[in-house]
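[1] Just the structure for this:
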Amino acid sequence: YLADSTSSYHKIIRKLSADHASISDYDNTDALMLMEVGPLGLQVRGIVLHPNCFKRGTTKYKQMIRKEMARYCFYASLDYSLQIHHFQWFTEGLAEYFSQYCPMLEKVDSDMALFISDKCVLTHEFPEIEDRGLHAADSFFRFYADKHGDAALTELVQSAYVTCSDSLFLKNGLDAEMLKQEWLMAVTN
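    Residues are numbered from 1 along each chain as shown. This is a model prediction of the structure:
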């Protein structure tokens, strides 16, 4: 759905939302995928784009569409009979990673490095996922693809279809703490 105004964006979200979402929860979003999970799996009710995505001179809408489609592909691939839970940092970071056309590793400033070092644990939810946590999650996937290659990233994502985030790294033979230290070194050097 392409909303032509903020009020239209809110109206579409309310209409598509199963629980008639509180609009204040979505005031700062530029795109939203509304979905429902039931006995038969995932049902996407719609992807809604805010008019801010289409401001003159920007191609933000392309990134938003890619991000929502990456999120859709991930959630549609999960085995819902296993009742899999994923951390928001994992799903949002993955969607962010696949929405960009710049897979090279980004360096982070000292504040972000401290945030990653002190607060980001790969086997737990990252704090502040809306801001620094999202940037950290995106940088993790860039680091992982850079260090281990696209095939390893594919393998990690595919194993996430049947494994919860808290045991995903262990199942793939990865030491989460060592991986975090490698990530931190890569983004600060």
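[2] Could you confirm Lys67 falls within a helix?
    Yes. With DSSP: H, G, I helix; E, B strand; the rest coil as the criterion, Lys67 is located in a helix.
[3] In space, what's closest to it - neighbours in sequence excluded?
    Ser99 (3.6 Å; C-beta to C-beta, 6 or more residues apart in numbering). For every residue, glycine as well, the C-beta is placed using N, CA and C.
[4] Could you double-check that the one you found sits in contact with Arg66?
    Yes. Using C-beta atoms under 8 Å, Ser99 makes contact with Arg66 at a distance of 4.1 Å.
[5] Which of those two has more residues huddled nearby?
    Ser99 (19 against 16; other C-beta atoms under 10 Å).
[6] which ones are touching that one?
    Applying C-beta atoms under 8 Å, 6 or more residues apart in numbering, we find Ser99 in contact with Gln63, Met64, Arg66, Lys67, Ala70.
[7] same question, Ile116
    Here Ile116 is in contact with Val108, Ala136, Ser139, Lys180, Trp183, Leu184, Val187 (C-beta under 8 Å, 6+ apart).
[8] And the furthest pair within the residues you listed?
    Greatest spatial distance among those (C-beta to C-beta): Val108 and Lys180, at 13.6 Å.
[9] what's the lowest-mean-pLDDT helix or strand in the chain packed up against?
    Every helix and strand of the chain was ranked by mean pLDDT, DSSP states H and E. The lowest is strand 31-38, at a mean of 78. Using 3 or more C-beta pairs under 8 Å, 6 or more residues apart in numbering; DSSP states H and E as the contact test, the elements touching strand 31-38 are helix 6-16, strand 41-49, helix 60-77.
[10] lowest-confidence stretch among the ones you listed?
    With a mean of 80, strand 41-49 has the lowest mean pLDDT of the helices and strands packed on strand 31-38.
[11] I'd like the distance from that one to the chain centre, please.
    16 Å (C-alpha atoms, centre = their mean, to the nearest Å).
[12] what packs against it?
    helix 6-16, strand 31-38, helix 60-77.
[13] what is the orientation angle of the second one with helix 60-77?
    When you say that, I think you mean strand 31-38. Per axes from the mean of the first three to the mean of the last three C-alpha atoms, to 10 degrees, the angle that strand 31-38 makes with helix 60-77 is 10 degrees.
[14] who's in contact with strand 31-38?
    13, 16-18, 26, 42-50, 53, 64-65, 67-68, 71-72, 75, 80.
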